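Q: any chance you can model this:
(one chain, ligands or ions: 1)
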Amino acid sequence: MTDEKKVLTELDRQIYEWQMWVPDFGEVGQEKLKNASILVSRCGGLGSVVAYELAAAGIGKLVLAHAGNLKHSDLNRQLLMTYDHLGKPRIDSVQRRLRDLNPHIEIEPYGENISESNARDIVSNVDLIIDCAPLFDERFAMNRQAVVQGIPLVECAMYDLEAQVTTIIPQETPCLACLYPDQPPMWERQFPVFGAVSGMIGCIAVMEAIKTIAGFGQTLKSKMLNVDLRSMKFQIIDIYASSDCRVCGHF
Ligand SMILES: [Zn+2]
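A: Numbering: from 1, shown residues only. Model prediction:
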């Protein structure tokens, strides 16, 4: 979505040298990352790790949405938050940690969560979305805009020691509303979570985004990865679009 194509600098080559050794990624892939923008919706347990790994990998622009002030109960998993920032806006701590890691990327912060009222404008600024929001109204708002605007969406979610990831390509794969026509009953704002579970699934989501943008490897298109860290079962299943989906069913 950037106007002029950015090329790699000598400094970029030094910083990203080790990942450019990945043979089907290389300098071409790195340049694609440098010219890409990604929305990370919520920078909590999942999104903190997602944003941190994307910044480390040299994504050109991070658009971040995360409301609220830092609480003690955030600190077991929201790894971009620090103790000295308690009571202050979480989005400020997020930006500070990311800039410490990588001062060369562009960051567009929003101190609010995604909603039906802001999703269209925020989504229109990015090349890909990683959905790290816990609530279905946010996730549905992003999914709708991803489908309408034709923007890939990596969907990741977790509960307890279980997690799921899929990559939605509009007009090609099922969308979130195909999988969940309605908000699942009993879905809760607060849930049991170790930071290591959300961090693990966040890292998988980042690799889905990098592969999608750079165009290499196999992604979880039309597939759902189900992970259960209690039993250490990793399973990939095929998923299908719903012809009467209220969001993408007209394609
Ligand atoms: Zn759908």
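Q: need the phi and psi values for M20.
A: phi -70, psi -10 (degrees, to the nearest 10).
Q: how close does it sit to the ion?
A: 36 Å (CB to the ion, to the nearest Å). All C-beta spots, glycine's among them, are computed from the backbone N, C-alpha and C.
Q: can you check D238 too?
A: Distance from D238 to the ion, by CB to the ion: 15 Å.
Q: repeat for E10
A: 45 Å.
Q: give me the neighbour count for that residue.
A: Residue crowding around E10 was assessed by other CB atoms under 10 Å; the count is 7.
Q: one more: S48?
A: S48 has 29 nearby residues by other CB under 10 Å.
Q: that one reaches D74, doesn't it?
A: No. Using CB atoms under 8 Å, S48 is not in contact with D74, being 9.3 Å away.
Q: so what sits against both of those two?
A: M81 (CB atoms under 8 Å, 6 or more residues apart in numbering).
Q: in space, what's closest to the residue most central in space within the chain - neighbours in sequence excluded?
A: Nearest to the mean C-alpha position of the chain, by CA atoms, centre = their mean, lies I130 at 2.2 Å. Closest residue to I130 apart from its sequence neighbours, by CB to CB, 6 or more residues apart in numbering: V154 at 4.6 Å.
Q: quick one: residues contacting that neighbour.
A: Applying CB under 8 Å, 6+ apart, the residues near V154 are L128, I129, I130, D131, V165, T166, T167, I168, A205, E208, A209, T212.
Q: rerun at 10 Å
A: Shown in contact with V154 (CB atoms under 10 Å, 6 or more residues apart in numbering): 38, 40, 50, 128-132, 146, 165-168, 204-209, 211-212, 219-220.
Q: does any part of the host helix or strand of it sit near the ion?
A: Using DSSP states H and E, V154 sits in strand 153-159. No. Strand 153-159 stays clear of the ion (CB under 5 Å from the ion), getting no nearer than 11.2 Å.
Q: so N125 lies in a helix, does it not?
A: No. Read with DSSP: H, G, I helix; E, B strand; the rest coil, N125 is coil and lies in no helix.
Q: might one say that it is in contact with L62?
A: No. Between N125 and L62 there is no contact under CB atoms under 10 Å: 11.1 Å.
Q: find residues that contact each of the two.
A: The contact lists of N125 and L62 share S37, L39, E108, where a contact means CB under 10 Å, 6+ apart.
Q: which strands and helices sit next to the longest helix along the chain?
A: Counting by DSSP state H, the longest helix found in the chain is helix 195-214. Other helices and strands packing on helix 195-214, by 3 or more CB pairs under 10 Å, 6 or more residues apart in numbering; DSSP states H and E, are helix 26-34, strand 37-41, helix 45-57, strand 128-131, strand 153-159, strand 162-168, strand 223-228.
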